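1. next comes the sequence, and after it the predicted model I'd like to discuss.
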Amino acid sequence: MAEIKPDTAHQQHLIVSEPDISDQKPSKPKRLASLDIFRGLTVSLMILVDDAGGEWPMIGHAPWNGCNLADFVMPFFLFIVGMSIALSLKGIPDQLLAVKKVILRTLKLLFWGLLLQGGFSHAPGKLTYGVDVTEIRWCGILQRIALAYLVVALIEIFLRCAQKKDVAPGRLSIFKLYYWQWLVAACVLTTYFAVIYGTYVPDWQFTVHDRDSSDYGKSFTVFCGARGKLDPPCNAVGYIDRQVLGINHMYQHPAWKRSKACTENSPYEGPFRNDAPSWCRAPFEPEGIVSSISAILSTIIGGHQARLKHWILMGFALLILGNVLHFTHAIPSNKQLYTFSYVCITSGAAALVFSAFYIMVDIYDIKFMFLPLEWIGMNAMLVYVMAAEGIFAGFFNGWYYKDPHNTLIYWIQKHIFVGIWHSRRVGILLYVLFAEILFWGIVAGILHWLGIYWKL
């Protein structure tokens, strides 16, 4: 998204700086504060749901169908990536140079994704590192972002010359101006539907490789023999991941283990029911191949220039469409399958949240209260690695007193937050809000003042 045009007498042309993509140094475009704040909010939500979701499962990922707070994080990231692509490539007229930049950044994202979520890093819970390459997890958050970024950036590079420049403003102008992008989106959606509804899923077997499980080493059989199902054991998304990635390379702790079919403690984690189906013990990749193809839609939707009223109208339209599809049971909203209704709900919410920030910050200049989020958004990669992936906490947990569990972070949680409130749930929530999110907001603010940023 390269410019936002509020419906006022004078139109504001706002540009976001992306120095890590463009080599243009003579003029440094002004950053769009609302976009930085939106990015900072998304990183903060990730920290919140990851570190407090265990005590507050209603904000964690939905066990299967449904959409909790955590389920908005990934689509928000992808939406923001789409908004930034056109801006970051705008100053690179040479296609070959632009492609080189895009491929290099994609490789960097893949590297960090494998390092942080492939199993090599055990932070912050364990003081070890390393991964058995026969069990490395190939997919993850940054890998999905890398795929969506690569596809949509290449679309922008090779199709921007074909984009119409003389479309008159109107209700359908956003579709006329970006008809090539919408055509690609239609192809992506058609491919996704064909795969999930047309692929035959046979019976399958697996062996539990999670060493922390009481069922480690046991083998189970899951009976399917169907096509077009969207339930946990027999969907085409999981089947293709098992065939292509290999079941040993998939996520070992899927959210469905907290479902009612699997545990009496649902939506909390807990021991399996005595009558729990065998698939409850199986791995599942929430950032897998087919679901990542559908996730490209979130980035395409975010990558359009539009007037403010178009973003708001499109946001409401997508929200309504997604909820209708979900509550009529036509297409359930499901983050792990990245269904079309889920794309609509989360992309609609992203459009409305960004529009709200844009109105408050860039039009009415209500900015002061959002400064910590803006600072986090300016150094999103640093905060993601250090806080959301637990590298900073893992470093401090390496310095303990007599017992590995007796660390500074444990002491702060127990005596300053949990002890004062006499409630682990409330204490952990406040710890995450103040000792993690606000703390990193201040750190990012200091780094901004020093002009220090981590760019890919």
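-> Perfect, thanks for sending it.

2. so where's this structure uncertain?
-> Scanning the chain with the threshold set as pLDDT under 70 gives 1-30, 123, 125, 127, 161-178, 305-307.

3. which residue ranges of this structure form strands?
-> 4-5, 200-201, 204-207, 219-222, 226-227, 306-307 (DSSP state E).

4. give me whichever of those is most buried.
-> Each of the strands of the chain was scored by mean neighbour count; the highest is strand 4-5, a mean of 20, by mean count of other CB atoms under 10 Å. Every C-beta, even on glycine, is put in place using the N, C-alpha and C of the backbone.

5. which ones are touching the most centrally placed residue in the chain?
-> What sits nearest the mean C-alpha location of the chain, by CA atoms, centre = their mean, is residue 74, with 1.7 Å. For residue 74, the contacting residues are 141, 144, 287, 295, 298, 335, taking CB atoms under 8 Å, 6 or more residues apart in numbering as the criterion.

6. any chance of TSV for the strands of the chain, columns distance to residue 248?
-> Compiled in TSV, the strands of the chain are given as follows (distance: least, CB to CB, whole Å):
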stretch	distance to residue 248
strand 4-5	46
strand 200-201	19
strand 204-207	9
strand 219-222	13
strand 226-227	25
strand 306-307	44
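
7. among the ones you listed, which is nearest residue 420?
-> Each of the strands of the chain was scored for nearness to residue 420 using CB to CB, and the closest is strand 4-5 (43.9 Å).

8. can I get the contacts of residue 74 in TSV with distance to residue 321?
-> Formatted as TSV, the entries for the contacts of residue 74 read as follows, by distance: CB to CB, whole Å:
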residue	distance to residue 321
141	26
144	23
287	24
295	18
298	15
335	17
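
9. neighbour-wise, which one of those leads?
-> residue 298 (27 neighbours; other CB atoms under 10 Å).

10. that residue reaches residue 348, doesn't it?
-> No. If you go by CB atoms under 8 Å, residue 298 and residue 348 don't touch, sitting 10.7 Å apart.

11. before we move on, back to that, in helices, which of the contacts of residue 74 appear?
-> Secondary structure defined by DSSP state H assigns 141, 144, 295, 298 of these to helices.

12. check these and tell me the two furthest apart.
-> Maximum pairwise distance among the ones in helices among the contacts of residue 74 (CB to CB): 13.1 Å, between 141 and 298.

13. how about residue 441, what does it touch?
-> Taking CB under 8 Å, 6+ apart as the definition of contact, the neighbours of residue 441 are 40, 44, 371-373, 375-376.

14. grab the nearest non-local neighbour of it.
-> Closest residue in space to residue 441, ignoring its immediate chain neighbours: residue 372 at 2.8 Å, by CB to CB, 6 or more residues apart in numbering.

15. please apply the same query to residue 260.
-> For residue 260, the nearest residue in space outside its immediate sequence neighbours is residue 266; the separation is 4.5 Å by CB to CB, 6+ apart.

16. likewise for residue 435?
-> residue 412 (6.2 Å).

17. next, count neighbours for that neighbour.
-> A count of neighbours around residue 412, defined by other CB under 10 Å, yields 14.

18. and if you look at residue 100?
-> 12.

19. how near is it to residue 86?
-> For residue 100, the distance to residue 86 equals 18 Å [CB to CB, to the nearest Å].

20. ok, now residue 68?
-> Plainly put, residue 68 is 31 Å away from residue 86 if you go by CB to CB.

21. which residues touch stretch 215-234?
-> Under the contact criterion CB under 8 Å, 6+ apart, stretch 215-234 has outside partners 64, 196-210, 235-236, 238, 256, 259, 261, 277-279, 281-282, 284, 332, 334, 337, 339.

22. for PyMOL, what selects the buried ones among these?
-> Buried residues within these, by 16 or more other CB atoms under 10 Å, are selected in PyMOL with:
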select buried, resi 64+196+199+201+204+206+208+209+235+236+238+256+259+261+277+278+279+281+282+284+332+334+337+339
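
23. so which of the contacts of stretch 215-234 are in helices?
-> With helices identified by DSSP H, the entries of these that belong to them are 196-198, 236, 238.

24. how about CSV for these, with distance to residue 447 added?
-> Below are these laid out as CSV (distance: CB to CB, whole Å):
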residue, distance to residue 447
196, 43
197, 48
198, 50
236, 44
238, 41
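
25. which member of the residues you listed is positioned nearest residue 246?
-> For these, the nearest to residue 246 is residue 238 (12.5 Å; CB to CB).

26. I'd say that closest one and residue 288 touch.
-> Yes. In this structure, residue 238 is within contact of residue 288 by CB under 8 Å, at 7.4 Å.

27. gap between stretch 249-262 and the chain center?
-> Here stretch 249-262 is found 18 Å from its chain centre; the criterion is CA atoms, centre = their mean, to the nearest Å.

28. what's the end-to-end length of it?
-> Taking CA to CA, to the nearest Å, the span from the opening residue of stretch 249-262 to its closing residue is 22 Å.

29. neighbouring contacts of that stretch?
-> Where contact means CB under 8 Å, 6+ apart, the residues beyond stretch 249-262 that reach it are 57, 60-64, 135-139, 209-210, 232, 241-242, 263, 265-270, 272-273, 276-277, 279-280, 282-288, 336.

30. pull out the buried positions in that stretch.
-> For stretch 249-262, burial by neighbour count (16+ other CB under 10 Å) applies to 249-252, 254-259, 261-262.

31. for these, which one is nearest residue 392?
-> So of the buried residues of stretch 249-262, ranked by how close each gets to residue 392 (CB to CB), first place is residue 251, at 23.3 Å.

32. and the gap between the closest one and residue 122?
-> Counting by CB to CB - residue 251 and residue 122 are separated by 15 Å.

33. measure residue 70 to residue 407 for me?
-> Taking CB to CB as the measure, residue 70 and residue 407 are separated by 26 Å.

34. actually, residue 197.
-> 50 Å.

35. just residue 333 next, same as before
-> Using CB to CB, one gets 39 Å for the distance from residue 333 to residue 407.

36. longest helix of this protein?
-> The longest helix of the chain (DSSP H) is helix 95-117.

37. burial measure for residue 395, as a count.
-> Other residues within reach of residue 395, judged by other CB under 10 Å, total 12.

38. how near is it to residue 369?
-> To residue 369, residue 395 is 31 Å away according to CB to CB.

39. same deal with residue 108?
-> Residue 108 sits at a distance of 33 Å from residue 369 (criterion: CB to CB).

40. between those two, who's got more neighbours?
-> Regarding residue 108 and residue 369, a neighbour count based on other CB under 10 Å identifies residue 108 as having more, with 16 against 10.
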